[in-house]
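> no sequence for this one, just the structure:
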């Protein structure tokens with residue numbers, strides 16, 4: 001008990017900052033005129049062969065708000081939808097990244113979730129990534145967008161595509177009940193949660209469904225304190241417990257969730273690495289990750305990527321993609337890390 005009290009008394013000192021704002025690689029373009037950009041995009045589409053370089057230069061260097069203003073200006077000037085017009089002129093991954101830049105964040109995520117569950121096999125990594133790091137408000141928008149776009153609820157599709165504790169984990173995340181981070185430290189609840197997690201592991205037949213409410217409803221800061229105290233009770237890190245006592249999708253899902261809670265930038269750096277390692281690039285998740293994080297925290301993710309993999313994210317993208325598609329991704333990445 002002395003050891004536990006010592007940990008609890010010091011636990012305030014072990015927080016890593018959770019606010020990654022101001023670490024965007026894509027910021028509002030300074031000399032911005034929506035009407036001029038709309039005109040330039042129309043000219044780029046009308047030229048013989050399509051001026052893809054100009055399309056990339058404009059759209060990958062404008063903020064989300066600016067891209068929305070360009071879409072409105074384009075429609076006002078030409079009575080045409082910009083996204084539809086670009087789809088007719090572009091193809092392949094370049095089309096995908098341009099369309100992704102124009103989509104609302106909730107529509108991007110809804111599409112990512114749908115693609116993760118369609119056809120044979122499931123992309124469990126994408127499911128857990130999107131659902132684990134989105135806020136309550138973002139999850140509500142995603143749920144609404146999914147039902148609007150696909151005429152089925154996201155809950156229905158998850159139930160039909162995955163099973164076991166992994167399904168229960170995803171469905172609880174989908175409820176969006178995670179508490180917001182707070183500077184108030186509830187030592188009693190930290191100890192209660194750490195004990196509860198440990199108690200489940202030492203049962204004859206551990207029911208890890210009991211972990212799910214704690215892991216999906218407590219705040220990120222609170223859980224990082226719980227994980228540190230858990231190690232005191234169990235003499236092993238929580239990730240070690242998961243690896244020893246779970247398997248398959250359950251193991252993968254719980255490990256990913258814990259990693260995203262412990263260190264979001266490192267977790268997302270790993271996700272980007274997974275998209276580009278070995279044979280065949282996972283272009284869909286790669287595009288969505290870069291587009292969704294470039295106006296948020298991509299600088300912190302880049303730093304973690306460089307530290308963990310010994311080369312920059314910029315260099316990896318450069319070696320893994322080509323053409324105007326590569327130019328667009330590198331623009332979103334924002335620069336080299338030496």
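That came through fine. Because the structure is predicted, anything quoted here is derived from the model rather than measured.
> Could you use CA atoms for every contact and neighbour count after this?
Fine.
> Determine the three-state secondary structure at residue 326.
Of the three states, residue 326 takes helix under DSSP: H, G, I helix; E, B strand; the rest coil.
> If you tally nearby residues, what's the number for residue 160?
Residue 160 is flanked by 11 other residues according to other Cα atoms under 10 Å.
> roughly how far apart are it and residue 153?
Distance of residue 160 to residue 153, computed by Cα to Cα, to the nearest Å: 11 Å.
> ok, now residue 77?
Computed as Cα to Cα, the residue 77 to residue 153 distance reads 37 Å.
> And for residue 140?
Distance of residue 140 to residue 153, given as Cα to Cα: 12 Å.
> Then residue 260?
Applying Cα to Cα, the value for residue 260 to residue 153 is 25 Å.
> out of these two, which sits in the busier spot?
residue 260 (19 against 15).
> Which positions in the helix or strand where that one lies come out as buried?
Per DSSP states H and E, residue 260 falls inside helix 248-262. Residues 249-262 are the ones in helix 248-262 that count as buried (16 or more other Cα atoms under 10 Å).
> isn't residue 167 right up against residue 160?
No - applying Cα atoms under 8 Å as the test, residue 167 and residue 160 come out as separate, 9.4 Å apart.
> Tell me where the stretch 101-250 of the chain has helices.
Per DSSP state H, counting those that start in this stretch, the stretch 101-250 of the chain carries helices over the ranges 105-117, 124-133, 136-150, 154-161, 164-174, 187-201, 212-217, 220-234, 238-245, 248-262.
> mind checking how far the second one is from the chain centre?
Right, the one you point to is helix 124-133. In terms of Cα atoms, centre = their mean, to the nearest Å, the centre of helix 124-133 is found 7 Å from the chain centre.
> Touching it from outside, list them.
With contact meaning Cα atoms under 8 Å, 6 or more residues apart in numbering, helix 124-133 is reached by 109, 112-113, 116, 139, 170, 173-174, 249, 252-253, 256-257, 260, 264, 285.
> pLDDT on stretch 294-308, on average?
If you average the pLDDT over stretch 294-308, you get 96.
> where does the stretch 51-200 of the chain have low pLDDT?
Under the criterion pLDDT under 70, no range of the stretch 51-200 of the chain is flagged.
> ok, 90 please
The stretch 51-200 of the chain contains residues with pLDDT under 90 at 118-122.
> What mean pLDDT does stretch 28-40 get?
In the prediction, stretch 28-40 has an average pLDDT of 97.
> Can you mark which positions in it are buried?
With burial defined by 16+ other Cα under 10 Å, the residues of stretch 28-40 counted as buried are 34-35, 37-38, 40.
> and the two most separated of those residues?
Maximum pairwise distance in the buried residues of stretch 28-40, criterion Cα to Cα, is 9.9 Å, between 34 and 40.
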